[in-house]
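1. could you work out the structure for the sequence below:
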Amino acid sequence: MARSPIYAAGGIVVRGRKRRLIAVVQRSKDEAWVLPRGKLKRKEDPIAGARREVVEETGHRVQVHEYLGAITYRARGRSKLVQFWRMQAYERPSRDVMKDIIAVDWLPLGAAVRRLSYPLEKLFLQHAGRRVLKRRAAARRRKSRTRRSSGSAWRRLLRGRRSLKSRRRKTASRARKNRPHAARSRTYIIKSQSRARPNSPVRIAAANQSSHQRLVSSAPRRQNTVLQRVFGFGG
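-> From the prediction side, this is the model:
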């Protein structure tokens, strides 16, 4: 009767922005260097188990990304299946590593491949690690392009608003210049002889010149002729 396989999960864990490093851990039971991984608990989700094992063995919280593949081999007479996901580690550790791990190293891809103890894991990391770093670089380029395009769109929007305001100012200025002179109102000062006190100016608004109406002062005094002034009669 065939024995049931052993299921395990882990990750290719990357840390750093400019210089990307990959985590490898050393186990205490055989002092072998391996990728962060471990057995799944009964009915445990593989992704949740992979995250749990990586956090316990590296001490860093991680973000889990795409599935990378799996390796299988014989362990103690049973087949063992280990699934891996790409993971991004936070810069600072969040907890101590578990007792089964005696060392954690963050190495460039080539150095990490050489540090691993098992040929199958070496081959897997060599191929999957390249994809991880390429996708990481492509994601950074997409993010940079998106940032530049959003900035360009914002600058175009600002230029459009400025040009709209400029056109509005020019239109308003042109309308003021083209407005007919006759439509402008003026204020005249006259002296009222009946109601206002002597020498008391009164301001009134003149009608539009377009209607040919103007305010005039009160009726002018009649000018006496020479004969009227001589003989003392007249208005």
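2. what segments of the chain are strands?
-> 6-15, 21-27, 33-34, 37-39, 62-75, 78-89, 101-107, 187-191, 201-205 (DSSP state E).
3. what sits up against the second one?
-> With Cβ atoms under 8 Å, 6 or more residues apart in numbering as the test, strand 21-27 has contacts from 12-15, 32-36, 54, 57-58, 60, 89, 97, 100-109, 112, 115-116, 125, 129, 132. C-betas here are computed from N, CA, C, even on glycine.
4. what average pLDDT does it get?
-> In this model, strand 21-27 carries a mean pLDDT of 95.
5. can you tell me which of the contacts of strand 21-27 are buried?
-> Buried members of the contacts of strand 21-27, counted by 16 or more other Cβ atoms under 10 Å: 12-15, 33-36, 54, 57-58, 60, 89, 97, 101, 104, 106-107, 109, 112, 115-116, 125, 129, 132.
6. what does the pLDDT read for the residue lying closest to A32 once chain neighbours are set aside?
-> Counting by Cβ to Cβ, 6 or more residues apart in numbering, A32 lies nearest to S117, which is 4.1 Å off, once chain neighbours are set aside. Looking at S117, its pLDDT stands at 95.
7. what sits against S117?
-> By Cβ under 8 Å, 6+ apart, the residues touching S117 are 32-34.
8. surely H65 is in contact with W85?
-> Yes: with contact defined as Cβ atoms under 8 Å, H65 counts as touching W85 (6.6 Å).
9. more neighbours: which of those two?
-> Set side by side, H65 and W85 show more neighbours around W85, with 21 against 17, by other Cβ atoms under 10 Å.
10. just give me the neighbour total for Q83.
-> Applying other Cβ under 10 Å, we find 21 residues neighbouring Q83.
11. show me which of the contacts of S117 is closest to R168.
-> Proximity of the contacts of S117 to R168 (Cβ to Cβ) peaks at V34, which lies at 69.4 Å.
12. could you export the contacts of S117 as CSV, including pLDDT?
-> Converted to CSV, the contacts of S117 look like this (pLDDT from 0 to 100):
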residue, pLDDT
A32, 95
W33, 97
V34, 96
